[in-house]
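[1] need coordinates for the below:
(one chain, ligands or ions: 1)
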Amino acid sequence: IVQLYVPLNWFGTYYRAIQKNFVDMENMFDLMRVDSDVCDAPGAPELLVRRGGLEFKHVSFGYGPERLVLNNVTFKVAPGSTVALVGPSGAGKSTVMRLLFRFYDVNEGAVLVDGQDVRTVTQASLRAAVGVVPQDTVLFNNSVRYNIQYGKLTATPADIISAAKNADIHDRILTFPDAYDTQVGERGLRLSGGEKQRIAIARTILKDPAIVLLDEATSALDTNTERNIQAALARVCANRTTLIIAHRLSTIVHADEILVLKDGEIIERGSHESLLAQSGFYASMWQQQLESRNIVNGNNEINAEG
Ligand code: ATP
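    Numbering: from 1, shown residues only. I've put the predicted structure just below:
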């Protein structure tokens, strides 16, 4: 089955908007630190990472005073489980991720990691526990090796190769002009979206965090790349607490819980099957994706397979 996606109706807006708004949270955090209101509480201890449980407790949040972007959002991600966030553009999915990373502090309620309010621990220890695989990774103007090693600066060359293999990018790297020493980024070799994402996965595998935040790529990738990336993502999420912003619902049918976010509120939640059975918003999103995929597959038989 070809998994290309043609944006239709509101899904189109939703897809394009995500692409435009996406930020590499780890890099952006560095950029924003200077003028962020968020700071460590005096004498704040480090986060005690146990098994990476996450909790939003009655969280309300707005970027400014005029409008709440999240309204009384409550959910848990049990250690080692996978929870998916879905919903239309502007629903607040990325905002949930930013609050987990403590880009901003909540107006009401609390964000807890392993039972500790993120406001009470150092930001550095929080960030060390959380790996982010953004949908569009910004690479440093440096070697491929450095871009992976950034996940753990003390990693050995063997660790880096092992992470690259697990992310299904090692063989590809060997085809670059200077293999791991190839310069990438704006002033070096231009990598495809799929390659960049696999480098981000390798980086996260090397970092080995208890918690992974994943923003699924929206851009259409070819079938093989898609399959490789799904396999690599499955490896980075295995045995880790995972929160994923999903755009292709087909990739999250096995999630432990799916949260449907709309206008800053969780309007439906449950497993894929139970949500389909509700015949509500999720079920209509699913139907819409099935229909658009059929159209793509129909076109594809004529255009792409030849
Ligand atoms: P998408 O799927 O398009 O990425 P989303 O569900 O991730 O959307 P968010 O990015 O969390 O949605 O945005 C939720 C709301 O908050 C939107 O109305 C958006 O315009 C607003 N918003 C996001 N970032 C900021 C910001 N830095 N300042 C002010 N408003 C913001």
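
[2] V113 reaches L126, doesn't it?
    Yes: if you go by CB atoms under 8 Å, V113 and L126 touch, sitting 6.7 Å apart. Where C-beta positions appear, they are placed from N, C-alpha and C, glycine not excepted.

[3] the two: which has the busier surroundings?
    Between V113 and L126, counted using other CB atoms under 10 Å, V113 has the larger neighbour count: 26 against 23.

[4] what touches both of V113 and L126?
    Listed as contacting both V113 and L126 by CB atoms under 8 Å, 6 or more residues apart in numbering are L47.

[5] got the contact list for the residue nearest to the spatial centre of the chain?
    Central residue of the chain (CA atoms, centre = their mean): L214, 1.8 Å from the mean position. Contact analysis of L214 by CB under 8 Å, 6+ apart lists 132-133, 233, 236-237, 242-245.

[6] among those residues, which one sits closest to the ligand?
    Using CB to the nearest ligand atom, I245 is the member of these that lies nearest the ligand, at 6.7 Å.

[7] and the closest one, how many neighbours?
    23.

[8] hang on, it packs against E216?
    Yes: using CB under 8 Å, I245 makes contact with E216 at a distance of 6.2 Å.

[9] most neighbours of all the contacts of L214, which one?
    Within the contacts of L214, most neighbours by other CB under 10 Å means V133, with 29 neighbours.

[10] distance of it from I252?
    Distance, V133 to I252, by CB to CB, to the nearest Å: 15 Å.

[11] in a strand, the residue nearest to the centre of the chain, correct?
    Yes: assignment of L214 by DSSP: H, G, I helix; E, B strand; the rest coil places it within a strand.

[12] report the beta-bridge partners for it.
    Beta bridges link L214 to V133, I244, judged by DSSP bridges.

[13] ok, and the closest non-adjacent residue to R187?
    Closest residue in space to R187, ignoring its immediate chain neighbours: N141 at 4.9 Å, by CB to CB, 6 or more residues apart in numbering.

[14] do you know the pLDDT at that neighbour?
    Per-residue pLDDT puts N141 at 90.
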